[in-house]
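In: Just the structure for this:
(2 chains)
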Amino acid sequence: MKELIRLEGLDKVYPIGGEDFYALRQVNLSLDAGEFTGLVGPSGSGKTTLLNIIGALDQPSRGTVYMHGQPISTLKATEAARLRLLNFGFIFQTYNLLNVYTVYENVELPLTLLGMDNKQKKQAVHKALEWVGLTDKINSKPGKLSGGQCQRVAIARAMVKNPKLVFADEPTANLDSENSHNILKTMAQINQETGTTFLFSTHDQKVIDYLSRVVYLKDGQIIEEQLQEPKR
Amino acid sequence: MMVYKIALKNLLSAGVRTWLTAFVLSLTLASMIFLQALMTGMLDEMSTIRAKEEISQGQIWHPDYDPYDLTQLDQANGAAPSELLPLITSGELCPLLLIPGAVYPKGRFRNLLIKGVDPAQSCLDLDFSPLGTKGEEGLLSVMIGARFAKSLGLKQGDLLTVRWRSKAGAFDALDAQVVAIFHTQAPVMDMGQIYLSHDAVNQMNGTLQNSTFFWVNGASQPSLSSGWTYKSFNNLMADTLELVKSKQAGQSIFYGMLLLLGLIAVFDTQALAVFRRKKEIGTFMALGMSNAKVVYLFVVEGAMHGVLATALTALWAGPLFWWASEVGISFGEVSGEEWGMAFGDRFYPVFGFVKVMGAVLFVNLMVVFVSFWPTRVITKMLPANALRGRLS
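Out: Predicted coordinates:
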């Protein structure tokens, strides 16, 4: 498969009380297009930090992130925003939906930022909501939805613009077992149907079971990588 | 368009907080507009009254006339220069002769100015025609303003002794009768003066057709070559304009304080919003919105407080202002007489388009400015930190 992301010598250092704390230390990793990969490790292992740096939400202290061979970790704020807009989708642990917006408007937002016309937006939003099975909640506000439904809206929002890479930061942390399986199934299905790359950050075994590749982190370092047959 | 939609939704979802902020701003805006309108109305009214009852459209002064030097007043008169005679005949100029004098109403003494006016004058909107008639038994006819008459305890028909000093320096006295009491809203034309006919005062002064100044009944400036000086209406209104200017300075302190309150409310709302809505900001950034656009969103939200306040003001203050401009506002017992200014019992505020729009624009610009100030912090924010609820 074609390489999508490559990390070279990535360090993330926070100065704490006059000392340097390494959240990431010499991380090297390659991610191919279409992967369903997870960064797995205990709290404080650096998985969210790594996810954020790859997603151009944060900057490394040292090292470089490449996308299709082009460095993206040194982009200016405006260029990084454009990169995220065109290529990345994000799914957060706490959904991060806009409460004043309806389900439709939340999912529509990335397309509006892309400047898409209303007809195209409508088609794309309906398609994304069909994927996650929420077409009946189109006019509901997030406050009226369950946690599982909210996360499905977040998935639809991440997927609506057909991104190259979707980042999912602890997507099941606030969900019960049944809802977790439902949204994981949905994401796996999208991955298979569209070839969209997924990168998870998790320590949830349910998520790990769905992954085809697991990257284990500890104290900011990759300690093991493993390809596996997903248990879907 | 999207930014405006989001901003509007956020604004409305903030509920009471939004309305309170908008109300304080609305109060400020309404106060600014109203106080300006009141001042404009007052100035307009004073200009109208002074033009009609005191200044006319301008004046032509004797070379020695100085209204602030009463010691020279008896010398500050002369015959009209030849170039003015046709204008006097046609009624475009109306003569006034001023001499110092005193009256003895009911045995009491009171210094005053004796004013000689043409009973048929048409320069002022005051009727001096009773001065064309003689008092009982051929007594000198005198007219007095209502306030001065009240102060002297005189009424129509009363007798009084008038004493004066002629141009030659001789003192003389005559009995006179109050043939009419007139009403004027210009205090300068009332207190401390009596009116006699121009001819009578000239006779008392030992002169023929002398005048101290002429009222000009027209906008054009007559040509002068004899030392007499033309004073335009604006020139003669300068003291009033200065007074209004000083009042406006006092007002601006008042509405400056009100504006400060409104702006603090907007600043507070925006500053709080940036801290409270960091996660939302982070989400926008993660979705691909640039920092500049997020700042713009917050500034638009802040600016919408100004727009909302403007709409609120139009809604509650608009009808109130219209009513005030129609029926006027009474300040009870306070009147021009008490204030020594030329205006009536009611104030009629005048809401000029330019001034109203100026106030609206000023308040809205200030709101945009204070909205931008706290949101600058967003421009330094990394999306990851915003999502974690931290400021970088």
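
In: switch to C-alpha atoms for all contacts and neighbour counts from now on
Out: Fine.

In: Give me the number of neighbouring residues for the single nearest residue of the stretch 151-300 of chain B relative to chain A.
Out: Here the residue of the stretch 151-300 of chain B nearest chain A is B:Gly288; by C-alpha to the nearest C-alpha that distance is 4.0 Å. Per other C-alpha atoms under 10 Å in any protein chain shown, the neighbour tally for B:Gly288 reads 28.

In: sec struct for it, please.
Out: coil (DSSP: H, G, I helix; E, B strand; the rest coil).

In: which residues does it contact?
Out: A:81-86, A:110, A:113 (C-alpha atoms under 8 Å, 6 or more residues apart in numbering or on different chains).

In: Nearest to A:Met187 among those?
Out: Closest approach to A:Met187 among the contacts of B:Gly288 (C-alpha to C-alpha): A:Pro110, at 18.5 Å.

In: just checking, B:Asp175 is part of a helix?
Out: No: in this structure, B:Asp175 is strand, not part of a helix, as judged by three-state DSSP.

In: Any idea how many residues pack against it?
Out: 15.

In: per-residue pLDDT, it?
Out: pLDDT recorded at B:Asp175 is 91.

In: What's opposite the nearest residue to it once chain neighbours are set aside in the beta bridge?
Out: Spatially, and ignoring its direct neighbours in sequence, B:Asp175 is nearest to B:Thr161 (4.3 Å; C-alpha to C-alpha, 6 or more residues apart in numbering or on different chains). With DSSP bridges as the criterion, B:Thr161 is bridged to B:Tyr104, B:Asp175.

In: quick one: least confident helix or strand in the chain?
Out: Let's take chain A. With mean pLDDT, DSSP states H and E as the measure, the helix or strand of chain A carrying the lowest mean pLDDT is helix A:177-194 (a mean of 90).

In: not quite, I wanted chain B
Out: That would be, for chain B by mean pLDDT, DSSP H and E, helix B:336-339 at a mean of 56.

In: on that earlier part again, export the least confident helix or strand of chain A as PDB, just CAs?
Out: The C-alpha trace of helix A:177-194 is given here as PDB (Å, rounded to 0.1, in the frame of the first residue of the first chain):
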ATOM      1  CA  SER A 177     -20.300  -1.700  25.400                       C
ATOM      2  CA  GLU A 178     -23.100  -2.000  22.900                       C
ATOM      3  CA  ASN A 179     -22.700   1.500  21.600                       C
ATOM      4  CA  SER A 180     -18.900   1.000  21.400                       C
ATOM      5  CA  HIS A 181     -19.300  -2.000  19.200                       C
ATOM      6  CA  ASN A 182     -21.900  -0.200  17.000                       C
ATOM      7  CA  ILE A 183     -19.700   2.800  16.300                       C
ATOM      8  CA  LEU A 184     -16.600   0.600  15.800                       C
ATOM      9  CA  LYS A 185     -18.500  -1.600  13.400                       C
ATOM     10  CA  THR A 186     -19.600   1.600  11.500                       C
ATOM     11  CA  MET A 187     -16.000   2.900  11.300                       C
ATOM     12  CA  ALA A 188     -14.600  -0.500  10.200                       C
ATOM     13  CA  GLN A 189     -17.300  -0.700   7.500                       C
ATOM     14  CA  ILE A 190     -16.500   2.900   6.300                       C
ATOM     15  CA  ASN A 191     -12.800   1.900   6.200                       C
ATOM     16  CA  GLN A 192     -13.500  -1.100   4.100                       C
ATOM     17  CA  GLU A 193     -16.000   0.600   1.800                       C
ATOM     18  CA  THR A 194     -14.100   3.900   1.200                       C
END
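
In: which other helices and strands contact the helix or strand just after that helix?
Out: Next in sequence after helix A:177-194, counting helices and strands by DSSP states H and E, comes strand A:197-202. Secondary-structure packing of strand A:197-202 (3 or more C-alpha pairs under 8 Å, 6 or more residues apart in numbering or on different chains; DSSP states H and E): strand A:36-40, helix A:47-54, strand A:165-169.

In: okay, the angle between the longest one and strand A:197-202?
Out: The one in question is helix A:47-54. Here the directions of helix A:47-54 and strand A:197-202 differ by 150 degrees (axes from the mean of the first three to the mean of the last three C-alpha atoms, to 10 degrees).

In: quick one, whatever helix or strand comes next after helix A:47-54 and helix A:47-54 angle?
Out: Scanning forward in sequence from helix A:47-54 by DSSP H and E, the next helix or strand is strand A:62-67. Counting by the same axes, to 10 degrees, strand A:62-67 lies at 70 degrees to helix A:47-54.

In: Strand A:62-67 pairs with which strands?
Out: When DSSP bridges is applied, strand A:62-67 pairs with strand A:3-16 (antiparallel), strand A:70-71 (antiparallel).

In: right, and those strands - which one's nearest B:Arg277?
Out: B:Arg277 lies closest, by C-alpha to C-alpha, to one member of these: strand A:3-16, at 24.3 Å.

In: residues of that closest one that come out buried?
Out: Buried residues in strand A:3-16, counting neighbours by 16 or more other C-alpha atoms under 10 Å in any protein chain shown, are found at A:4-7, A:10-13.

In: repeat for stretch A:43-52
Out: Of the residues in stretch A:43-52, A:45-52 count as buried by neighbour count, 16+ other C-alpha under 10 Å.

In: what does chain A put close to chain B?
Out: Residues of chain A found near chain B (C-alpha under 8 Å from any C-alpha of the partner chain) are A:52, A:57-58, A:77-78, A:81-86, A:88-90, A:96, A:98, A:100-101, A:110, A:112-113.

In: and the residue of chain A found nearest chain B, what element?
Out: Using C-alpha to the nearest C-alpha, the closest approach of chain A to chain B is made by A:Leu85 at 4.0 Å. Element membership of A:Leu85, judged by DSSP H and E, is helix A:77-87.

In: Pull the distance from the helix or strand just after that helix to the chain's centre.
Out: Sequence order places strand A:88-91 as the next helix or strand after helix A:77-87, per DSSP H and E. When C-alpha coordinates are averaged (C-alpha atoms, centre = their mean, to the nearest Å), strand A:88-91 and its chain have centres 4 Å apart.
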